[in-house]
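**Student:** no sequence on this one, just coordinates:
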């Protein structure tokens with residue numbers, strides 16, 4: 001429980017700090033709980049692929065295609081120093097750029113010498129550079145690399161599964177959306193039984209699994225609803 005209280009305290013301190021300043025992007029959104037499912041904006045965030053402002057990192061795996069040019073369609077991994085190598089144009093710096101930025105750069109390079117108005121598509125197949133933190137009542141808490149687009153259940157399995165003292169209805173995901181801290185509570189058993197959607201985990205997520213019979217951590221979260229957004233699709 002100490003690790004759960006510690007992480008909640010850190011989040012609350014950060015949230016309160018954000019509310020004390022008027023700097024753009026530091027305010028924290030509040031919202032009422034929903035018993036029928038996630039609000040639309042958070043539901044999209046929990047089910048979507050990496051957003052358009054995702055920054056490619058070292059070791060990410062990219063799918064790159066050029067319309068009607070199959071020889072230039074490749075799956076490549078970004079090197080440790082952020083470089084990819086492509087036919088015709090050679091080395092291209094990918095790390096730190098959005099997929100859209102990289103699309104335009106590759107299209108410009110191909111269009112300058114080889115193709116007329118090339119249509120380039122870049123998508124992130126595996127966001128290996130991202131990490132997810134799993135805390136609380138799991139067998140192997142820690143920080144794990146985010147490979148592909150894992151779901152909540154898959155991430156918990158990666159952390160060794162739930163501990164015997166885990167509260168299956170007390171799993172909270174903390175996520176920053178548009179610079180604002182939000183939280184959503186999920187029912188592990190309902191997801192496992194196919195009665196609820198298994199949310200997609202994003203880089204930077206913090207997953208906290210509460211202990212059975214102890215609702216102090218979640219009660220603390222609920223009491224801060226005026227400080228940051230709490231979304232609870234499965235209310236106890």
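**Tutor:** Thanks, I have it. Since we're looking at a predicted model, the values are computed, not measured. Numbering: from 1, shown residues only.
**Student:** let me see the ranges of the strands in this structure.
**Tutor:** 61-66, 74-77, 83-86, 90-93, 120-126, 131-136, 142-145, 166-177, 180-186, 206-211, 229-231 (DSSP state E).
**Student:** so for the shortest one, mean pLDDT?
**Tutor:** So that's strand 229-231. Averaging pLDDT along strand 229-231 gives 47.
**Student:** low-confidence regions, this protein specifically.
**Tutor:** Applying pLDDT under 70 to the chain flags the ranges 1-53, 213-236.
**Student:** picking up where we left off before, would you turn the strands of the chain into JSON lines with distance to residue 151?
**Tutor:** The way it works is simple: take the backbone N, C-alpha and C, and place the C-beta from them, glycine included. Shown next, in JSON lines, are these (distance: least, CB to CB, whole Å):
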{"stretch": "strand 61-66", "distance to residue 151": "18"}
{"stretch": "strand 74-77", "distance to residue 151": "22"}
{"stretch": "strand 83-86", "distance to residue 151": "28"}
{"stretch": "strand 90-93", "distance to residue 151": "32"}
{"stretch": "strand 120-126", "distance to residue 151": "15"}
{"stretch": "strand 131-136", "distance to residue 151": "11"}
{"stretch": "strand 142-145", "distance to residue 151": "13"}
{"stretch": "strand 166-177", "distance to residue 151": "11"}
{"stretch": "strand 180-186", "distance to residue 151": "11"}
{"stretch": "strand 206-211", "distance to residue 151": "11"}
{"stretch": "strand 229-231", "distance to residue 151": "17"}
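**Student:** I'd assumed residue 191 was in contact with residue 169.
**Tutor:** No: using CB atoms under 8 Å, residue 169 is not in contact with residue 191; the gap is 10.5 Å.
**Student:** nearest residue to residue 165 in space, please, no chain neighbours.
**Tutor:** residue 211 (5.0 Å; CB to CB, 6 or more residues apart in numbering).
**Student:** looking at the strands of the chain, which is nearest to residue 158?
**Tutor:** Closest to residue 158 of the strands of the chain, according to CB to CB: strand 142-145, at 5.4 Å.
**Student:** the closest one pairs with which strands, and in what direction?
**Tutor:** Sheet pairing of strand 142-145 (DSSP bridges) gives strand 131-136 (antiparallel).
**Student:** show me what counts as buried in the partner strand.
**Tutor:** Within strand 131-136, the residues that qualify as buried are 132-136, counting by 16 or more other CB atoms under 10 Å.
**Student:** of those residues, closest to residue 150?
**Tutor:** residue 132 (7.9 Å).
**Student:** returning to what we had before: CSV please, covering the buried residues of strand 131-136 and showing distance to residue 179.
**Tutor:** Output for the buried residues of strand 131-136, formatted as CSV (distance: CB to CB, whole Å):
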residue, distance to residue 179
132, 19
133, 19
134, 23
135, 23
136, 25
